[in-house]
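Colleague: Generate a structure from the sequence data that follows.
(one chain, ligands or ions: 2)
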Amino acid sequence: MLKVYNTLTKKKEEFIPLSTDEVKMYVCGPTVYNLIHIGNARPIVVFDAFRRYLIDQGYKVNFVQNFTDVDDKIIKKANEQGKDTSEIVDFYIKETLQDMENLNVLPATANPRVTNEMDEIIAMIEQLIEKGYAYAVCGSVFFSTDKFKDYGKLSKKVLEELEAGARIEIDNIKAHPMDFVLWKPKKDGEPYWISPWGKGRPGWHIECSAMSKKYLGDQIDIHAGGEDLIFPHHENEIAQSEAVNGKHYSKYWLHNSFLNIDNKKMSKSLGNFMLLRDVGEEFGYDTVRFFMLAAHYRSPLNFSDKLMESAKASLLRIKNCSEDLNFVLDHLKNESKNISTEFTQDEENLLTQIDSYNTRFYTALDDDFNSADAISIIFELVKTINSYIKTGKNKTLLLTFKETFDHFNDVLGLLYETEIKASSLTDEEILNYIAKRSAAKKNKDFATADQIRTFLEQNNIQIKDTREGVQFKRV
Ligand code: AMP
Ligand code: ZN
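Modeller: Ligands and ions are numbered 1, 2, ... in the order given. Got it, this is the predicted structure:
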């Protein structure tokens with residue numbers, strides 16, 4: 001039974017979707033004025049893995065992630081570079097989608113962009129005004145926080161206390177200090193849209209309420225994002241959506257903790273960020289994905305080169321185990337004499353152990369998606385497989401190992417073909433060199449055999465002589 005920690009109730013709750021047809025999931029996406037940093041990659045990876053787990057559990061997941069493509073920072077960048085904002089956002093959306101693919105993130109059901117959804121956004125603001133939750137003043141529209149009686153229910157903030165704190169920077173066109181903007185009037189040099197309140201553009205929070213309503217309906221199962229979004233972004237989304245729809249908005253609210261550098265949140269504004277592109281190219285995007293999932297999503301995660309090195313080495317143990325297991329199985333195909341169907345007592349015990357790995361893997365993920373514990377079980381399995389394949393030959397057992405191991409890795413999306421290959425030699429070319437080296441060794445021409453090995457090493461190909469034949473790895 002899957003339980004998730006719901007920020008709304010501050011409790012781990014059993015996950016029961018609103019409908020048996022599909023799980024509706026909305027994840028707030030990045031503001032596209034820069035390549036994403038690895039802090040932004042955390043919600044992208046953890047909620048993709050969470051989605052994969054739901055799929056593994058038999059759910060159909062309707063997964064929506066937006067792009068914020070109109071914002072002060074985008075406008076500033078466009079003005080600095082003398083470009084149109086659409087040129088900036090088109091470029092960064094394309095690059096962000098590429099980054100997501102490199103992280104083995106499943107494509108979203110929809111990736112709406114704010115600038116394509118203006119009709120829905122304006123319609124929602126109009127409804128808020130009609131229902132008395134919002135008011136227009138001097139070309140702006142504000143949400144009246146004191147009209148929404150549940151304001152603060154997600155962040156557990158009390159409106160009166162917030163108002164007292166906000167009084168110093170009171171904005172004299174707002175009726176109350178905590179009222180927030182739904183529509184802003186146009187300023188010089190800014191993109192604008194025509195609305196009943198004049199030319200302007202929407203505030204940030206209304207976009208997600210409008211897009212999740214359009215793509216998923218009035219009520220959704222899961223709303224997710226980084227913990228910095230709890231207040232005010234998600235609190236304001238609840239106020240807008242519930243005021244318009246008159247229904248409870250999202251059943252579960254999931255928030256990932258921060259990725260930190262020196263115990264400070266990595267952020268563009270603090271300037272302490274590392275681009276995913278750079279880290280991915282240095283350590284491998286699959287290492288970044290592994291690194292994110294090797295921690296529980298609600299625990300703070302510190303970033304350093306040293307930790308990335310160690311994540312890379314850990315992931316390599318998983319990759320090597322996968323290659324070794326496939327290699328042994330491939331060679332077993334041709335060796336019918338070694339295929340045994342009878343289990344020894346030790347092999348019977350290993351089968352029982354695989355059952356227990358399965359149970360523990362699912363128990364970990366059922367407990368608020370504890371991918372850290374799930375990964376430690378993968379490592380226990382790696383150890384067991386490595387030890388068995390040294391001598392063991394039972395094909396049924398080897399296939400059971402493979403099935404379990406591949407399944408665990410697939411649920412988390414850990415092992416995948418990364419584009420960046422260390423060698424430009426094709427498999428066929430490598431096998432040719434290996435055959436030449438074997439022939440040279442057979443003729444006792446060890447100098448040539450060594451030369452071929454050195455040549456392959458220079459091309460980032462490592463070869464290993466095993467009892468089953470020569471195995472190669474790209475390193
Ligand atoms: P932004 O582009 O700043 O709106 O961020 C996009 C997503 O990344 C949001 O869900 C943020 O909460 C999340 N995020 C930003 N910085 C970090 C960080 N250092 N650690 C974890 N998540 C982050
Ligand atoms: Zn949002």
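
Colleague: what's residue 275 sitting at in phi/psi?
Modeller: Backbone torsions for residue 275, taken as degrees, to the nearest 10, come to phi -70, psi 140.

Colleague: what's the distance between it and residue 373?
Modeller: In this view, residue 275 and residue 373 are 30 Å apart by C-beta to C-beta, to the nearest Å. Bear in mind the C-beta positions are built from the backbone N, C-alpha and C, glycine included.

Colleague: So which bits of the stretch 1-150 of the chain are right by ligand 2?
Modeller: Counting by C-beta under 5 Å from the ion, the stretch 1-150 of the chain comes close to ligand 2 at residue 28.

Colleague: In the stretch 1-150 of the chain, which residue sits nearest ligand 2?
Modeller: Relative to ligand 2, the nearest point of the stretch 1-150 of the chain is residue 28 (3.2 Å; C-beta to the ion).

Colleague: Test my guess that residue 398 contacts residue 330.
Modeller: No. Counting by C-beta atoms under 8 Å, residue 330 is not a contact partner of residue 398; they are 10.7 Å apart.

Colleague: These two: which is more packed in?
Modeller: Neighbours per residue, other C-beta atoms under 10 Å: of residue 398 and residue 330, the larger number sits with residue 398, 20 against 12.

Colleague: What helix or strand is the more buried one located in?
Modeller: Applying DSSP states H and E as the criterion places residue 398 in helix 395-412.

Colleague: Would you mind identifying the next helix or strand past that helix?
Modeller: Assigned by DSSP H and E, the successor of helix 395-412 is helix 427-442.

Colleague: May I ask which helix or strand of the chain has the lowest mean pLDDT?
Modeller: Ranked by mean pLDDT, DSSP states H and E, the weakest helix or strand in the chain is helix 159-166, scoring a mean of 79.

Colleague: For it, output the C-alpha coordinates as CSV.
Modeller: Extracted in CSV, the C-alpha atoms of helix 159-166 (Å, rounded to 0.1, in the frame of the first residue of the first chain):
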residue,chain,number,x,y,z
LEU,A,159,-3.5,35.6,7.3
GLU,A,160,-3.5,38.2,10.1
GLU,A,161,0.1,37.4,10.9
LEU,A,162,1.1,37.6,7.3
GLU,A,163,-0.7,40.9,6.9
ALA,A,164,1.0,42.4,10.0
GLY,A,165,4.4,41.3,8.5
ALA,A,166,3.6,42.7,5.1
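
Colleague: Which parts of that helix count as buried, going by neighbours?
Modeller: Neighbour-count burial for helix 159-166, counted by 16 or more other C-beta atoms under 10 Å, picks out 159, 162-163.

Colleague: mind checking how far residue 76 is from residue 276?
Modeller: 22 Å.

Colleague: More neighbours: these two, which one.
Modeller: Higher neighbour count among residue 76 and residue 276: residue 276, with 25 against 13, using other C-beta under 10 Å.

Colleague: Distance of the more buried one relative to ligand 1?
Modeller: Distance, residue 276 to ligand 1, using C-beta to the nearest ligand atom, to the nearest Å: 11 Å.

Colleague: Quick one: residues contacting that residue.
Modeller: Counting by C-beta atoms under 8 Å, 6 or more residues apart in numbering, residue 276 makes contact with 35-38, 40-41, 99, 103, 285, 288.

Colleague: remind me, longest helix of this structure?
Modeller: Of all the segments assigned as helix in the chain under DSSP state H, the longest by residue count is helix 305-332.

Colleague: Output the contacting helices and strands for the helix or strand just after it.
Modeller: Downstream of helix 305-332, the next assigned helix or strand under DSSP H and E is helix 345-366. For helix 345-366, the contact count by 3 or more C-beta pairs under 8 Å, 6 or more residues apart in numbering; DSSP states H and E identifies helix 371-389, helix 395-412 as packing neighbours.

Colleague: Which of the residues in stretch 428-436 are classified as buried?
Modeller: Of the residues in stretch 428-436, those buried by neighbour count under the rule 16+ other C-beta under 10 Å are 430, 433-434.

Colleague: which residues touch it?
Modeller: With contact meaning C-beta under 8 Å, 6+ apart, stretch 428-436 is reached by 423, 425, 448, 452, 455-456, 461, 463, 470, 472.

Colleague: Out of these, which end up buried?
Modeller: By neighbour count, with 16+ other C-beta under 10 Å, the contacts of stretch 428-436 hold 425, 452, 456, 461, 463, 470, 472 as buried.

Colleague: Take the residues you listed and lay them out in CSV including distance to residue 315, pLDDT and secondary structure.
Modeller: Shown next, in CSV, are these (distance: C-beta to C-beta, whole Å; pLDDT from 0 to 100; DSSP: H, G, I helix; E, B strand; the rest coil):
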residue, distance to residue 315, pLDDT, secondary structure
425, 23, 79, coil
452, 29, 90, helix
456, 23, 88, helix
461, 19, 87, strand
463, 21, 90, strand
470, 24, 90, strand
472, 19, 89, strand
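
Colleague: now, the most widely separated pair of those?
Modeller: Spatial extent of those (C-beta to C-beta) is set by the pair 425 and 470 at 14.7 Å.

Colleague: OK, now which residue of the stretch 1-150 of the chain is nearest to ligand 1?
Modeller: Proximity of the stretch 1-150 of the chain to ligand 1 (C-beta to the nearest ligand atom) peaks at residue 39, 2.5 Å away.

Colleague: I misspoke; the intended subject was the stretch 201-350 of the chain.
Modeller: residue 226 (1.9 Å).

Colleague: tell me the pLDDT at that residue?
Modeller: With respect to pLDDT, residue 226 scores 97.

Colleague: Count the neighbours of the residue of the stretch 1-150 of the chain closest to ligand 2 for me.
Modeller: 23.

Colleague: how about the nearest residue to it, chain neighbours excluded?
Modeller: Counting by C-beta to C-beta, 6 or more residues apart in numbering, residue 225 is the residue found nearest to residue 28 once chain neighbours are left out, at 3.9 Å.

Colleague: Identify the residues contacting residue 197.
Modeller: With C-beta under 8 Å, 6+ apart as the criterion, the residues that contact residue 197 are 136, 139-141, 183, 185.

Colleague: could you redo the last one with a cut-off of 6 Å?
Modeller: Shown in contact with residue 197 (C-beta atoms under 6 Å, 6 or more residues apart in numbering): 136, 139, 141, 183.

Colleague: Need the phi and psi values for it.
Modeller: phi -110, psi 10.

Colleague: again, but for residue 27
Modeller: phi -120, psi 130.

Colleague: beta partners for it?
Modeller: residue 65, residue 224 (DSSP bridges).

Colleague: my read: it touches residue 224, true?
Modeller: Yes. Look at residue 27 against residue 224 with C-beta atoms under 6 Å: they come within range, at 4.7 Å.

Colleague: which residues do those two both contact?
Modeller: Counting by C-beta under 6 Å, 6+ apart, the shared contacts of residue 27 and residue 224 are residue 47.
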